[in-house]
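Colleague: What follows is a predicted protein model with its sequence.
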Amino acid sequence: MIVNPITWKKDHISIIDQTVLPGRLKYEACRTVSQVREAIQKLKVRGAPLIGIAGAYGFLLGIRGFRAKDAAALRREALHIKHRLISSRPTAVNLAWAVRRMFHVFEENASLPRAALLKRLEAEAHRIFREDADMCRRMGAHGAVLLRSGDSVLTVCNAGALATSGGGTALSVFYRAHEQGKRLKVYACETRPLLQGARLTTWELKRHGLDVTLICDNMAARLMQQGRIRAVFVGADRIAANGDFANKIGTYGLAVLARYHGIPFYAVAPSSTFDLTLATGAEIPIEERDPDEITTLHFERPIAPAGVKVYNPSFDMTPAFLVTGIVTEQGVLRRPFSKSIRSMYGRGSK
Ligand code: MRU
């Protein structure tokens with residue numbers, strides 16, 4: 001059974017606290033907008049599609065928890081909730097995309113009695129959840145076609161079930177190929193500083209019986225030089241109209257290495273990750289996080305002198321020219337991406 005990192009429980013969401021994996025599988029209840037915002041900021045829930053889903057339920061919780069004295073006060077609160085949720089993390093566009101969807105449903109139904117409004121909002125949050133799971137399945141199917149039995153693949157961070165409501169983005173490709181009986185060897189980059197690859201990707205792939213090998217981030221070049229990687233598959237947090245995309249810090253380096261070694265490099269992302277308001281990746285906001293994430297090993301043991309200067313960008317931007325293809329729920333987009341992305345939207349996505 002694919003792990004489910006978020007569940008709606010009638011009046012709250014239950015999330016897996018991903019900061020304590022793999023040591024503990026701990027569930028936590030979020031009942032308020034503040035709790036959802038904190039869970040997103042601390043990476044208890046993380047991964048582009050999943051923070052969108054958490055944001056959608058967070059919006060529902062916020063409206064449920066507010067007793068408005070009139071329609072104007074309710075609308076002010078809805079705007080405030082929208083802003084608080086969207087500003088929890090800046091890079092993954094899925095968060096703003098999902099919360100805006102919820103706000104739109106709010107606007108369209110704000111004049112309904114409270115119970116009916118809440119019902120509409122709950123239905124929309126569930127729809128976002130279900131659509132994401134479905135997109136994961138479809139990305140997996142399109143991506144698995146690119147793999148043959150015996151292939152060795154490389155990934156970074158966690159673009160799996162723990163980052164979505166389904167089987168993941170990049171990892172859904174591996175799950176699907178595995179289901180089809182293809183023998184795969186997956187190399188997972190540990191993903192400093194917060195070790196999503198070491199802690200989360202290896203955990204979920206092992207649980208599902210895939211052959212996974214953990215490497216430190218600085219070992220990817222060696223593997224490629226030895227001819228031991230057939231393709232690289234990564235997730236994405238925001239894709240601009242020309243195909244440039246942001247993903248976990250280290251992704252750009254892998255794309256450069258892959259190009260140098262002649263290895264196909266794929267981004268895997270649902271349509272909720274595309275931001276066509278941005279012409280190029282240069283406009284994608286890149287989150288910078290707390291220096292402690294680098295100077296302290298997993299928030300506990302110091303590994304650098306106190307007060308050392310730190311630069312901690314959580315994401316980087318990979319230019320489209322380094323990308324072989326973008327696997328979406330509608331198929332594999334090829335270069336020139338500005339054209340293939342535009343025609344995908346012509347086919348009915350957002
Ligand atoms: O900081 P995180 O753990 O939220 O970063 C996640 C990633 O970079 C993933 O690769 C990305 O969200 C896309 S995959 C679902």
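Modeller: Structure received.

Colleague: Neighbours of the residue of the chain at minimum distance from the ligand, how many?
Modeller: The minimum distance from the chain to the ligand, using C-beta to the nearest ligand atom, falls at residue 235 (2.5 Å). Glycine gets a C-beta too; all of them are placed from N, C-alpha and C. A count of neighbours around residue 235, defined by other C-beta atoms under 10 Å, yields 31.

Colleague: So it is in contact with residue 172, correct?
Modeller: No. Using C-beta atoms under 8 Å, residue 235 is not in contact with residue 172; the gap is 9.9 Å.

Colleague: between those two, what contacts are shared?
Modeller: Residues touching both residue 235 and residue 172 comprise residue 268, with contact defined as C-beta atoms under 8 Å, 6 or more residues apart in numbering.

Colleague: Using the three-state scheme, assign residue 220.
Modeller: With DSSP: H, G, I helix; E, B strand; the rest coil as the basis, the three-state label of residue 220 is helix.

Colleague: Stretch 21-32 close to the ligand?
Modeller: No. Contact check for stretch 21-32 against the ligand, using C-beta under 6 Å from any ligand atom: none in range, with a minimum separation of 11.8 Å.

Colleague: buried set for that stretch?
Modeller: 21, 28, 30 (16 or more other C-beta atoms under 10 Å).

Colleague: Give the bridge partners for the last one, please.
Modeller: Applying DSSP bridges to residue 30 yields these beta-bridge partners: residue 13.

Colleague: Could you tell me how many residues sit around residue 282?
Modeller: Around residue 282 there are 11 residues (other C-beta under 10 Å).

Colleague: Same check on residue 317?
Modeller: If you count neighbours by other C-beta under 10 Å, residue 317 ends up with 21.

Colleague: for the closest residue to it other than its chain neighbours, what are its contacts?
Modeller: For residue 317, the nearest residue in space outside its immediate sequence neighbours is residue 281; the separation is 4.1 Å by C-beta to C-beta, 6 or more residues apart in numbering. For residue 281, the contacting residues are 240, 242, 244, 245, 246, 317, 318, 319, 320, by C-beta under 8 Å, 6+ apart.

Colleague: Which two of these have the greatest separation?
Modeller: 242 and 246 (13.0 Å; C-beta to C-beta).

Colleague: more neighbours, these two?
Modeller: Set side by side, residue 242 and residue 246 show more neighbours around residue 246, with 30 against 20, by other C-beta under 10 Å.

Colleague: which ones are touching the more buried one?
Modeller: Under the criterion of C-beta under 8 Å, 6+ apart, the contact partners of residue 246 comprise 91, 236, 237, 238, 239, 281, 284, 286, 315, 316, 317, 318.

Colleague: among those residues, which are in strands?
Modeller: Among the contacts of residue 246, the subset assigned to strands under DSSP state E consists of 238, 239, 315, 316, 317, 318.

Colleague: Reformat those into TSV and put pLDDT and distance to the ligand next to each item.
Modeller: Putting those into TSV (pLDDT from 0 to 100; distance: C-beta to the nearest ligand atom, whole Å) gives the following:
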residue	pLDDT	distance to the ligand
238	98	9
239	98	10
315	97	6
316	98	10
317	98	12
318	98	11
